Structures are given as structure tokens and as C-alpha cells.
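Q: predicted model and sequence follow; I will ask about them next.
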Amino acid sequence: MKTPAVYILTNKERGTLYIGVTSDLIQLVYQQRTDVVKGFSNKYQTHRLVYYELHGDMYEAIKREKQLKKWQRVWKLELIENFNPSWQDLFEDFV
């Protein structure tokens with residue numbers, strides 16, 4: 001899926017959240033899950049894809065990512081729970 005996307009990863013339900021943007025959601029989540037890239041996701045084990053939005057261009061995706069990062073935590077949790085009430089790992093939907 002080579003489409004600009006904003007995504008949220010977590011380590012558990014209502015746990016640590018990681019918000020990012022990518023042009024290849026499948027590859028990015030795979031790399032995070034396998035700890036190929038060292039950093040936040042590796043340190044906090046945020047490997048579960050619980051939210052994503054697809055965008056028409058990277059500019060819009062980056063704009064949305066910046067917006068979400070400024071949100072209060074409670075708003076982010078509400079966004080996830082409206083999209084994915086059971087906090088399932090959505091990566092399985094792609095593979």
C-alpha cells in the first residue's frame with residue numbers, strides 16, 4: 001500500500017501511543033514490529049497498529065500528523081476507540 005498515511009501504534013490497549021506518517025504503511029509497520037529501526041517504537045514496544053488514515057498526498061498526511069500530535073491524550077484515545085473499539089491489531093488486515 002504505497003499511499004500516504006497517518007498511523008498510531010501502541011504497545012497495549014490504552015498504552016503508549018506513537019503517531020507517525022509514512023508513504024508505505026505495510027512496510028513501516030513491519031519494520032517497527034521487527035525492530036529493524038531502533039528508536040521509540042523499539043524502546044516502548046509500540047508494535048500494534050490501532051489506527052490509520054489514508055491521504056491523497058504526503059502534504060495532507062504530514063499536516064494531519066502534526067495536528068494529531070498536538071491533541072490531548074484523551075482525544076487520541078477517543079479517536080482510536082471510535083475507529084477501532086476493541087483495539088485490535090489492524091496490521092493483520094493488510095497481510
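A: Sure, I can see it. Here the structure is a predicted model, which means the values were calculated and not measured. Numbers count the residues shown, from 1 in each chain.
Q: longest helix in the chain, by number of residues?
A: Ranked by residue count under DSSP state H, the longest helix found in the chain is helix 58-70.
Q: where does the nearest residue to residue 31 once chain neighbours are set aside fall, secondary structure wise?
A: Nearest residue to residue 31, sequence neighbours excluded (C-beta to C-beta, 6 or more residues apart in numbering): residue 37, at 5.6 Å. To be clear about C-beta, it is placed using only N, CA and C from the backbone, and glycine gets the same treatment. Using DSSP states H and E, residue 37 is not contained in any helix or strand.
Q: find me the pLDDT at residue 37, would you?
A: Confidence per residue is given as pLDDT, and for residue 37 that number is 80.
Q: now residue 80: how far from residue 87?
A: In this structure, residue 80 lies at 7 Å from residue 87, with C-beta to C-beta, to the nearest Å as the measure.
Q: likewise residue 47?
A: Shown here: residue 47 relative to residue 87, a distance of 13 Å by C-beta to C-beta.
Q: and for those two, which residues touch both?
A: Residues touching both residue 47 and residue 87 (C-beta atoms under 8 Å, 6 or more residues apart in numbering): none.
Q: output the longest helix of the chain in PDB with nothing but the alpha carbons.
A: Extracted C-alpha coordinates of helix 58-70, given in PDB (Å, rounded to 0.1, in the frame of the first residue of the first chain):
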ATOM      1  CA  MET A  58       2.000  13.500   1.600                       C
ATOM      2  CA  TYR A  59       1.500  17.200   2.400                       C
ATOM      3  CA  GLU A  60      -2.000  16.400   3.800                       C
ATOM      4  CA  ALA A  61      -0.800  13.400   5.700                       C
ATOM      5  CA  ILE A  62       2.000  15.400   7.400                       C
ATOM      6  CA  LYS A  63      -0.400  18.200   8.200                       C
ATOM      7  CA  ARG A  64      -2.700  15.700   9.900                       C
ATOM      8  CA  GLU A  65       0.100  14.000  11.800                       C
ATOM      9  CA  LYS A  66       1.200  17.400  13.200                       C
ATOM     10  CA  GLN A  67      -2.400  18.100  14.200                       C
ATOM     11  CA  LEU A  68      -2.800  14.700  16.000                       C
ATOM     12  CA  LYS A  69       0.500  15.100  17.800                       C
ATOM     13  CA  LYS A  70      -0.800  18.300  19.400                       C
END
